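Asks: Let me see the structure of the following:
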Amino acid sequence: MRLEKFWDDLRASLWFRPAVWVVLLGATALILIALERSWSPSPLALQLYGLLAMEADGARIVLGTISGAMITATTLAFSLVIVAVMQTANAYSPRILRLYLSDNVNQNVLGILIGTFLFSLLTLRAVNTSEESRFLPSLTVIITIFLSLFSIAAFIYFLDHVAHSVEVDNIISLIMHDTVGLLDDLFPSTLGQPFPAEFPPPLPDDASTAVTAKHSGYLQYIDPDTLLDAATRQDLLIRVERVTGDYVLSGTPLAQVWPAAALDEVLVETIQTAFQLGTERTLVQDLCFGVRQLSDIALRAISPAVNDPSTAVNVIDALATLLVKLAQLEPVSPYRCDAMGALRVIAPGPTFEAVLDLAFNQIRQYAARDYACTLRLIEVCGEIGYVTRCPAYRVALRQHVQMLARSADQNFDEPNDRAEVNKRLLRTAELLQQEAKSVLLVINLPQPTM
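Replies: Okay, here's the model as predicted:
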């Protein structure tokens, strides 16, 4: 898990992949120049040199032109990335900046352009026109030319990618893809084994003590291996008091530990290192952060300043896709055991009910008077309920349908609108096996005028 968090930080940094490209291409240039100094060209190489032959002065001009073009293209590419980041943050949500910074295409293209600049610069430095030690790395010059053509192709692809990356549908798809990926190893499923019995044992009678946070920050991830190893070695029961994504204040509890007498400074330090705090939320282990990002886009779309309900409906569809996948999974038990079956850690994770509330509550409240969003929210509640066989999940969905019905009753007066809402409510009630009378709206037809 630590490696996963470390890789996520590297992936979100704008320097890592460009630095890799610069090192690789710079090292390649030095190696090729060294080989050309020490090896005699083969007959085939001589023929190739003849086809692409140029004098040392011509090589200098070509290499200088490539160097200047690459640094100019790099500046332009970086400017376009910054403009796209600012546009996305202003139009959709500032919480998706990390998604843009970790974009593979942006980072790789910047690395290719800077690496080609360094490659041509090192090759240019190796060209020697003095009579005493004349040297022209012909093969390296030829490779530089082909590398510049590759950089041009990469830059053209980058322009197309940046243009499409600011499309809201593309942003929604990327966030949904990254969030759905968390469902494969949903915390705390990676922590030991679930408790085998249907009902967990009671908490120990011994006194417990709290392990507190050393500093404030967002809980970015919880290291399951560190927690389980500490609890197993010292014969402890650790109850995690926080959920990934919570903001933890310094000095507040991270975990409760039984028995209290077993704790010492080393063990406290070990448990504290299992909780990674940072200045921002990440998608390493935080399912709700992905839901929050999508919900923010919907809220921005239905605000009076933007007034784009179609985008909000697209977000509702993405959230419904995520909830469908979550509803089809077996609930993850918070009670985790070691290899011997002894209860060691109680670690709450995201529940379907909590994710459902986070996904739809604010959208329902802000879109109370939006007809399209209300209809789609009603529909997806029924569709999610159709794919799940968990009674508790259906109860949560029925509650949301009832809230949507009350909101529609208060905000839609037009009889035709209320009739259309009733059609969706009736269909959803059938899918959720819910009594339709409890949610259908009363339609008062206007009296005909004489």
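
Asks: can you list contacts of stretch 97-111?
Replies: Contacting residues not belonging to stretch 97-111 are listed as 11-14, 16-22, 74, 77-78, 81, 84-85, 88-89, 154-155, 157-158, 161-162, 165, 171, 174-175, 178, 280, 282-283, 293 [Cβ atoms under 8 Å, 6 or more residues apart in numbering]. Glycine gets a C-beta too; all of them are placed from N, C-alpha and C.

Asks: Are any of the residues you listed buried, and if so which?
Replies: Among these, those buried by neighbour count (16 or more other Cβ atoms under 10 Å) are 12, 14, 16-19, 21-22, 74, 77-78, 81, 84-85, 88, 154-155, 158, 161-162, 165, 171, 174-175, 282-283, 293.

Asks: Strands along the protein, start to end?
Replies: Using DSSP state E, the strands of the chain run over 193-194, 209-212, 217-222, 237-240, 247-248, 253-258, 275-278, 335-337, 343-346.

Asks: Direction included, what does the last one pair up with?
Replies: Spelled out, it's strand 343-346. Strand pairing for strand 343-346, determined by DSSP bridges: strand 237-240 (parallel), strand 335-337 (antiparallel).

Asks: now the fifth one
Replies: Using DSSP bridges, the neighbouring strands of strand 247-248 in the sheet come out as strand 217-222 (antiparallel).

Asks: Who are the contact partners of the nearest residue to residue 306 once chain neighbours are set aside?
Replies: Nearest non-adjacent residue to residue 306, counting by Cβ to Cβ, 6 or more residues apart in numbering: residue 300, 5.9 Å away. Listed by Cβ under 8 Å, 6+ apart, the contact partners of residue 300 are 91-93, 306.

Asks: wait, which of these is closest to residue 332?
Replies: residue 93 (27.9 Å; Cβ to Cβ).

Asks: now the closest one: how far from residue 175?
Replies: Here the criterion is Cβ to Cβ, to the nearest Å. By it, residue 93 lies 9 Å from residue 175.

Asks: Please identify every residue contacting each of those two.
Replies: Common contacts of residue 93 and residue 175, defined by Cβ under 8 Å, 6+ apart, comprise residue 293.

Asks: thinking again about what came up before, using CSV, lay out the strands of the chain together with mean pLDDT, mean neighbour count and distance to residue 142.
Replies: Formatted as CSV, those follow (pLDDT from 0 to 100; neighbours: other Cβ atoms under 10 Å; distance: least, Cβ to Cβ, whole Å):
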stretch, mean pLDDT, mean neighbour count, distance to residue 142
strand 193-194, 91, 16, 60
strand 209-212, 93, 18, 63
strand 217-222, 93, 21, 48
strand 237-240, 94, 22, 60
strand 247-248, 96, 16, 57
strand 253-258, 94, 21, 60
strand 275-278, 92, 19, 47
strand 335-337, 93, 22, 60
strand 343-346, 92, 23, 61
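
Asks: now for these, which one comes closest to residue 405?
Replies: strand 247-248 (34.2 Å).

Asks: Would you pull up how far the closest one lies from the middle of the chain?
Replies: 20 Å (Cα atoms, centre = their mean, to the nearest Å).

Asks: what ranges do the helices span in the stretch 151-300 of the chain?
Replies: 168-181, 224-233, 265-273, 287-301 (DSSP state H, counting those that start in this stretch).

Asks: Burial-wise, tell me which of the ones you listed comes out on top.
Replies: The highest mean neighbour count among those, using mean count of other Cβ atoms under 10 Å, belongs to helix 287-301: a mean of 23.

Asks: coming back round to it: need the strands paired with strand 343-346 in CSV with distance to residue 182, can you?
Replies: Formatted as CSV, the strands paired with strand 343-346 follow (distance: least, Cβ to Cβ, whole Å):
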stretch, distance to residue 182
strand 237-240, 18
strand 335-337, 18
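
Asks: Figure out which of the ones you listed is closest to residue 435.
Replies: That would be strand 335-337 among the strands paired with strand 343-346, by Cβ to Cβ, at 35.2 Å.

Asks: Give me the contact list for that closest one.
Replies: 188, 191-196, 200, 224, 228, 343-347.

Asks: and stretch 392-400, C-alpha only, in PDB?
Replies: The C-alpha atoms that make up stretch 392-400 are tabulated as PDB, following Å, rounded to 0.1, in the frame of the first residue of the first chain:
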ATOM      1  CA  ALA A 392     -31.100  -3.000   3.000                       C
ATOM      2  CA  TYR A 393     -29.900  -1.400  -0.300                       C
ATOM      3  CA  ARG A 394     -33.500  -1.300  -1.500                       C
ATOM      4  CA  VAL A 395     -34.700   0.300   1.700                       C
ATOM      5  CA  ALA A 396     -32.100   3.100   1.200                       C
ATOM      6  CA  LEU A 397     -33.200   3.600  -2.400                       C
ATOM      7  CA  ARG A 398     -36.900   3.700  -1.400                       C
ATOM      8  CA  GLN A 399     -36.100   6.500   1.100                       C
ATOM      9  CA  HIS A 400     -34.400   8.500  -1.700                       C
END
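
Asks: Mind listing what's buried along it?
Replies: Neighbour-count burial for stretch 392-400 [16+ other Cβ under 10 Å]: 393-394, 396-398, 400.

Asks: Then stretch 27-34?
Replies: Buried residues in stretch 27-34 (16+ other Cβ under 10 Å): 28-29, 32-33.

Asks: Could you tell me which of these belong to helices?
Replies: 28-29, 32-33 (DSSP state H).

Asks: who's in contact with residue 73?
Replies: 113, 151, 155.

Asks: shaky segments in the protein?
Replies: Applying pLDDT under 70 to the chain flags residues 1-5, 40-54, 131, 445-450.

Asks: Kindly reformat the strands of the chain as JSON lines containing distance to residue 269.
Replies: Shown next, in JSON lines, are the strands of the chain (distance: least, Cβ to Cβ, whole Å):
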{"stretch": "strand 193-194", "distance to residue 269": "26"}
{"stretch": "strand 209-212", "distance to residue 269": "9"}
{"stretch": "strand 217-222", "distance to residue 269": "16"}
{"stretch": "strand 237-240", "distance to residue 269": "14"}
{"stretch": "strand 247-248", "distance to residue 269": "17"}
{"stretch": "strand 253-258", "distance to residue 269": "12"}
{"stretch": "strand 275-278", "distance to residue 269": "12"}
{"stretch": "strand 335-337", "distance to residue 269": "22"}
{"stretch": "strand 343-346", "distance to residue 269": "18"}
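
Asks: ok, back up a step: and the gap between the residue nearest to residue 306 and residue 433?
Replies: Look at residue 300 and residue 433: by Cβ to Cβ, they are 35 Å apart.

Asks: before we move on, what about residue 324?
Replies: Taking Cβ to Cβ, one finds residue 324 at 18 Å from residue 433.
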